[in-house]
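S.K.: here is my input; please provide its structure:
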Amino acid sequence: MRSVSARSLGSLLGPEPLLTRPAYRGLADAVRRLICDGRLLVGTRLPSERSLTSELGLSRTTVGGALDLLREDGFVLTRRGSGSIVTLPQAQTGLALSQAGLIPTPVPDDVIDLTYAALPAAAGLSRAYERALAALPRHLATAGYSPHGIPEARTAIADWFTGRGLPTEADQVIVTSGAHAGLSATLRALLDVGDRVLFETPTYPNALVGTRRSSLRAVAFPITRTGWDLEAMEAALRQSRARLVYLIPDFQNPTGQLMDAPTRMAVARILRRCRARAVVDETFVELGLDGPPPAPFATHADTAITIGSAAKTWWGGVRVGWVRSPLADAAAIVEARHSLDLGTSVLEQLLVVELLREGDALLDQRRASTRERRDAMAAALHRHVPDWSFELPPGGLNLWCELPVDRGDALVRAGEEAGVRLARGSQFGIQGGLGRFVRVPYCVAPDEADEVGRRLARAWQQALSGDAPVASRSPLIA
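M.R.: Below is the predicted model:
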């Protein structure tokens, strides 16, 4: 079982854990905040009252009173012989939302949908389709099924990896119907029912759903404002014996953080020590808005599986993804993929060949327009909801906003009435929590960002007033 020492908990609380009066309530509030923010994970064993009393310099009565209050509120469960364990109140777990509550629902014309982090089609996409269509006839004499992917696409993707500093052969590439399909095939190929997969928290919800539907078990380690908690990652790997780690090092979804080269090397060393492998999601890798990301993670870990997609970079309607694996794993991934579907649209694969051939000529335009969207949305949030806080990400498509109070679910419910649809922060956590966060994609046109800000401000005021509508099921997220 995962545990946290008194010294580590004291560090998380900070030198002044914002204790209000009475002190026991202030300490309980500070610990509750750590739990709801995902910095203190569900299932973690807390230190004993005696060690906390000594570390925090508080009385035994204060610490005991705080733990009693946390038990009453459902944030701590104490079992004889097991100590006090972090949990979440049943109504706030978000597990049903994460598994069964993600449903596609129509979006009214007057509602701005921010559940999808996806851009309109890139400039030049129509011309690339025309060139792909011209190349299609030579494939029409074939059956059209290509579980590996057509040779042109596999070669183009391999060359793209090689150009980024990761030498790759076409035989290492499997073309799939999107990155999610690539992840599903990889999980089926490499793991058995009941195996554990380690995830960052927060993380991409659909990856969690896919893991659970493959009868695998998700475990977590936290991402903080300063990045990946490597000590917690190694501890979670050793305790869970997870065989795979799902990572989003390039403009992480939803936080937007970028893993620097030294951290990538440190993570690779942890994986080797723990005999685990990485599945690296590079969905956002081409959307570096303030400069390119470091060399691919797999340059530091030769056993890593890398998945990617054309959807975020070019257009969500281009349903083409890929898996880049060591040669030894390629056949197993193709076999697993074959149980999911029989191949990817040939025309769409030819389109990706054309887009990769264009290279930076189109990408520079894409990044420039996305940068304008990011800066406009950030300005709108600063103007209309100044009490929200966020770090401006160096790339990707998301602002991960921290709310001053835990009213995220109420905000999402109020958003529907205010004309803006949002994803719940709890959907990005493995075991719920994250109630003080909301993801705001910057995918609307720059001249529409201010209207988004106004609608969010109306929803926020309603959420704070306690007049938010009754909870509804959460929509799909992309």
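S.K.: which of the helices and strands in the chain ranks last by mean pLDDT?
M.R.: Among the helical and strand segments of the chain, the one scoring lowest on mean pLDDT, DSSP states H and E is helix 95-99, with a mean of 36.
S.K.: would you mind splitting this structure into its domains for me?
M.R.: 6-87, 95-117+362-465, 125-358 (automatic domain parsing).
S.K.: and those domains as TSV, adding distance to A478?
M.R.: For the C-beta atoms, the positions are set from N, CA and C on the backbone; glycine is no exception. Putting the domains of the chain into TSV (distance: least, CB to CB, whole Å) gives the following:
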stretch	distance to A478
domain 6-87	21
domain 95-117+362-465	4
domain 125-358	7
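S.K.: adding mean neighbour count, write these out as JSON lines.
M.R.: Formatted as JSON lines, the domains of the chain follow (neighbours: other CB atoms under 10 Å):
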{"stretch": "domain 6-87", "mean neighbour count": "17"}
{"stretch": "domain 95-117+362-465", "mean neighbour count": "20"}
{"stretch": "domain 125-358", "mean neighbour count": "19"}
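S.K.: any chance you could map the helices in the stretch 101-250 of the chain?
M.R.: Remark: helices assigned in the stretch 101-250 of the chain by DSSP state H, counting those that start in this stretch are 125-135, 151-163, 179-190, 205-213, 230-240.
S.K.: redo those helices as CSV? Include mean pLDDT and distance to A336.
M.R.: Listed next are those as CSV, based on pLDDT from 0 to 100; distance: least, CB to CB, whole Å:
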stretch, mean pLDDT, distance to A336
helix 125-135, 95, 28
helix 151-163, 97, 17
helix 179-190, 95, 4
helix 205-213, 89, 13
helix 230-240, 93, 23
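S.K.: ok, now which ones touch the closest residue to Q431 other than its chain neighbours?
M.R.: Closest residue in space to Q431, ignoring its immediate chain neighbours: V42 at 4.0 Å, by CB to CB, 6 or more residues apart in numbering. By CB atoms under 8 Å, 6 or more residues apart in numbering, the residues touching V42 are I35, V86, T87, L88, I430, Q431, G432, G433.
S.K.: three-state assignment of V42?
M.R.: Of the three states, V42 takes coil under DSSP: H, G, I helix; E, B strand; the rest coil.
S.K.: tell me the spacing between it and R50.
M.R.: Using CB to CB, to the nearest Å, V42 is found at 24 Å from R50.
S.K.: so where's the protein shaky on pLDDT?
M.R.: Within the chain, the segments meeting pLDDT under 70 span 1, 15-21, 36-38, 80-82, 90-105, 432, 467-476.
S.K.: longest helix of it?
M.R.: Counting residues, the longest helix found in the chain (DSSP state H) is helix 360-384.
S.K.: just want the angle from it to helix 125-135.
M.R.: For helix 360-384 against helix 125-135, the angle by axes from the mean of the first three to the mean of the last three CA atoms, to 10 degrees is 150 degrees.
S.K.: what residues does helix 360-384 touch?
M.R.: Residues outside helix 360-384 that contact it (CB under 8 Å, 6+ apart) are 119, 122-124, 286-290, 313-314, 355, 388, 390, 392-393, 397, 399, 401, 440, 442-447, 449-450, 452-454, 456-457.
S.K.: following it, which helix or strand comes up?
M.R.: The helix or strand immediately downstream of helix 360-384 is strand 398-402, counting by DSSP states H and E.
S.K.: CA atoms of that following strand as CSV?
M.R.: This file holds the C-alpha atoms of strand 398-402, laid out as CSV (Å, rounded to 0.1, in the frame of the first residue of the first chain):
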residue,chain,number,x,y,z
ASN,A,398,-5.3,23.4,-22.9
LEU,A,399,-5.3,25.8,-19.9
TRP,A,400,-5.5,23.8,-16.6
CYS,A,401,-7.2,26.3,-14.3
GLU,A,402,-7.2,26.2,-10.6
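S.K.: can you name the next helix or strand after that strand?
M.R.: helix 408-418.
S.K.: what's whichever helix or strand comes after that following helix packed up against?
M.R.: Next helix or strand after helix 408-418 toward the C-terminus (DSSP H and E): strand 420-421. With contacts taken as 3 or more CB pairs under 8 Å, 6 or more residues apart in numbering; DSSP states H and E, strand 420-421 sits against strand 112-113, helix 449-465.
S.K.: turn those into CSV, including distance to P326.
M.R.: Output for the helices and strands packed on strand 420-421, formatted as CSV (distance: least, CB to CB, whole Å):
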stretch, distance to P326
strand 112-113, 39
helix 449-465, 43
